[in-house]
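Student: A structural model of the following input is requested.
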Amino acid sequence: MNEPRVSVVIPYFENQAGLDRALAALARQDFSVRQLEVVVGDDGSAVPPVLPATPFPCRVVRQQNLGFRAGAARNLGARAASGEVLVFLDGDMIPEPGFVGALLAGLESADDGHGVLAVGARHHADLTGCGVTGVLRWVAGEPVPGVRRLQDPAWLTDGYRRTENLRAAGTEDFRLVISALLAVDRALFERCGGFDETLVGYGGEDWDLAYRCRQLGAQFIHVPGAGAWHDGPDLAGRASTRAVKDAETLALARRIPLPSTRGAGVVHEQPWAVVRVAGHRDDAEAYLTASHVLRDTDAGVWFTDRDEVPEALAADPRVRTGEPPARILDRAVVAVDVLAPLVLDVALRQWCARGESHVPGLLTVRSVRAVHRGESRPETVAPADSAAHAADTDRRLEDRVEHHG
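Tutor: Numbers count the residues shown, from 1 in each chain. Prediction:
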């Protein structure tokens, strides 16, 4: 028997009625059920879900109840799945008949060799009191007495319009990728390490995944024809959401190094810029360079050719030795290599805003995403035209530490 082409992974927690609806809708897909399997990732329900008869392979994998761990449940299901494409569908979503086929077509249309995240169109309706038969009629486009359509989330509709259905997505547009109805090729999912299982509680794991995938070079696409329905309003339309969203913001501030996610002034393990420093003969030269690249910039410094952090910098958690870990480098926005002692007339963030650059013998700035896509082409800048200058190492340090523009 051939392996299924598509694996639908459904995270589940004590919602048998929702699962029954989702599975019944998947059984009516236009996509061939012979190329489909479903894996239900149970997030520690007191009573495991009961699987009805389905025309495709379907099974349950379970994890211990250690709090709301949707990301971990999705990873659990993905590890048990065998398809080359993973479709994540929340257990309270009911897909339209063309859902799987449209997502797969969108994924294939956007793939340029670096992987794709394809997100469907989430719709909302009040399905109170509607049985499985009525729900299936509704998602197939038939009118159903008593069912009322609710407003689609405006923030998603506006975002998809602005980004041309994510084909023109920028750095900030990871927020338009939602895991409620998401497809990804397995190779990209495994390359990025899947969902971050340390994220516990509602929300954030899909934005974190999308941000990391984009930094690894992946493309995004929104597929309007891949519709699925949620029973009830979007979170923004529900009461008492501040605590939930604040917890999500605090979790993402540690992981996504953008001013829009963390503000400014707080030091995190994950920096916006990873700075590798080599070619410094003594502690004074190392101190001078560190003081310039860290000024007014969310940066982390790694002295790659030193065994110990200079004593004067040892108390600064942003300064380390050795090579930066891949998990840190891959989340950074820019990677900077400093080849010799330098001074900067402007903050490093301001210099990086001009794009990728190379000051011969002194400094190279690269986009992490461009590096992963094989598109990194730093522009060579003559020292005379640069805000970065070789430090005068013959002068005493006390005469140089104030050389800030």
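Student: Okay, and residue 274 sits in which element?
Tutor: Remark: residue 274 resides in strand 273-277, with elements defined by DSSP states H and E.
Student: Sheet partners, orientation included, of that strand?
Tutor: As defined by DSSP bridges, the strand partners of strand 273-277 come to strand 299-303 (parallel), strand 334-338 (parallel).
Student: What average pLDDT does the first one get?
Tutor: Meaning strand 299-303. pLDDT averaged over strand 299-303 equals 98, rounded to a whole number.
Student: For that strand, could you pull out the residues that count as buried?
Tutor: For strand 299-303, a neighbour-count test (16 or more other Cβ atoms under 10 Å) marks 299, 300, 301, 302, 303 as buried. Placement of C-beta: from N, CA and C, glycine included.
Student: Restricting to C-alpha, output that strand in PDB.
Tutor: This file holds the C-alpha atoms of strand 299-303, laid out as PDB (Å, rounded to 0.1, in the frame of the first residue of the first chain):
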ATOM      1  CA  ALA A 299      22.500  42.700  19.700                       C
ATOM      2  CA  GLY A 300      24.400  39.800  21.100                       C
ATOM      3  CA  VAL A 301      28.200  39.500  20.800                       C
ATOM      4  CA  TRP A 302      30.200  36.300  20.400                       C
ATOM      5  CA  PHE A 303      34.000  36.500  20.500                       C
END
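Student: Contacts made by that strand with the rest, please.
Tutor: The set of residues external to strand 299-303 that reach it, using Cβ atoms under 8 Å, 6 or more residues apart in numbering, is 269, 271-278, 280, 286, 290, 293-294, 309-310, 318-324, 328, 336, 348-349.
Student: Likewise for stretch 88-98?
Tutor: 8-13, 15, 18-19, 21-22, 25-26, 28-30, 40, 74, 120, 122, 135, 138-141, 179-184, 225-232.
Student: Now intersect the residues you listed with the helices, please.
Tutor: If you go by DSSP state H, the contacts of stretch 88-98 have 18, 19, 21, 22, 25, 26, 74, 135, 138, 139 in helices.
Student: Columns distance to residue 47 on top of the strands paired with strand 273-277, output as JSON lines?
Tutor: Supplementary listing: these in JSON lines, determined by distance: least, Cβ to Cβ, whole Å:
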{"stretch": "strand 299-303", "distance to residue 47": "47"}
{"stretch": "strand 334-338", "distance to residue 47": "49"}
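Student: Just tell me which of these ends up closest to residue 344.
Tutor: strand 334-338 (10.1 Å; Cβ to Cβ).
Student: C-terminal to the closest one, what's the next element?
Tutor: In the C-terminal direction, the helix or strand that comes right after strand 334-338 (DSSP H and E) is strand 342-344.
Student: Who are the packing partners of that following strand?
Tutor: In terms of contacts (3 or more Cβ pairs under 8 Å, 6 or more residues apart in numbering; DSSP states H and E), strand 342-344 is packed against helix 283-293, strand 388-390.
Student: highest average neighbour count across those?
Tutor: Compared across the helices and strands packed on strand 342-344, helix 283-293 shows the largest average neighbour count, a mean of 21 (mean count of other Cβ atoms under 10 Å).
Student: Give me the contact list for it.
Tutor: Contacts of helix 283-293 with the rest of the structure, by Cβ under 8 Å, 6+ apart, involve 273, 275, 277, 280, 299, 301, 303, 306, 310-313, 316, 319, 336, 338, 341-344, 348, 391, 393, 397, 400-401, 404.
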